[in-house]
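# Any chance you can model this:
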Amino acid sequence: MSIFEGIMLACFGFAWPVSILKTYRSKTTKGRSLLFQFVLLTGYLSGIVHKILFSLDIVLVLYCINFAMICIDTSLLLYYRKHKDVVA
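Below you'll find the predicted structure:
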C-alpha cells in the first residue's frame, strides 16, 4: 500500500461531499461539466480495476468511496433535474 496514494484519495474524498451539496443547492448547471465528471469516473474506475488485478489493498475502499460520491454528483437526481430547470 502506498501511503501517498491513500492520502491523495482521502483529500479528494473530503472535497466530494461539498461538491454534492453545491450541486444539490444550485439553481443552475452553469459551470458544471458532465464530460469532466465522466473523465473522473473513468480515472477512479481504472484505479479500482488496477487495485483488484494487481495491488489489492485497503486503498481500494477509498477508490470505491470516491467513485460512489462522483456517481451521486453526476446522477440524474442532482444533475439532470437542475438541467431541466434551466432549459424550461
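# Figure out the helix or strand that the residue positioned nearest the centre of the chain lives in.
When the chain is reduced to its mean C-alpha position, the nearest residue by Cα atoms, centre = their mean turns out to be Ile70, at 2.2 Å. The secondary structure element spanning Ile70 is helix 59-74 (assigned by DSSP states H and E).
# That helix: which residues count as buried?
By neighbour count, and taking 16 or more other Cβ atoms under 10 Å as the criterion, the buried residues in helix 59-74 are Val59, Leu60, Leu62, Tyr63, Ile65, Asn66, Phe67, Met69, Ile70, Ile72, Asp73, Thr74. No exception for glycine: its C-beta is placed from N, CA and C like everyone else's.
# Please, where are all the strands along this structure?
Using DSSP state E, the strands of the chain do not appear at all; there are none.
# so where's it uncertain?
By pLDDT under 70, the weakly predicted segments of the chain are 1, 27-30, 76-88.
# If we use 90, what do you get?
In the predicted model, the chain carries pLDDT under 90 at residues 1-2, 15-16, 18-38, 72-88.
# Glu5 against Asp57, yeah?
No - under the criterion of Cβ atoms under 8 Å, Glu5 lies out of contact with Asp57, with a separation of 9.2 Å.
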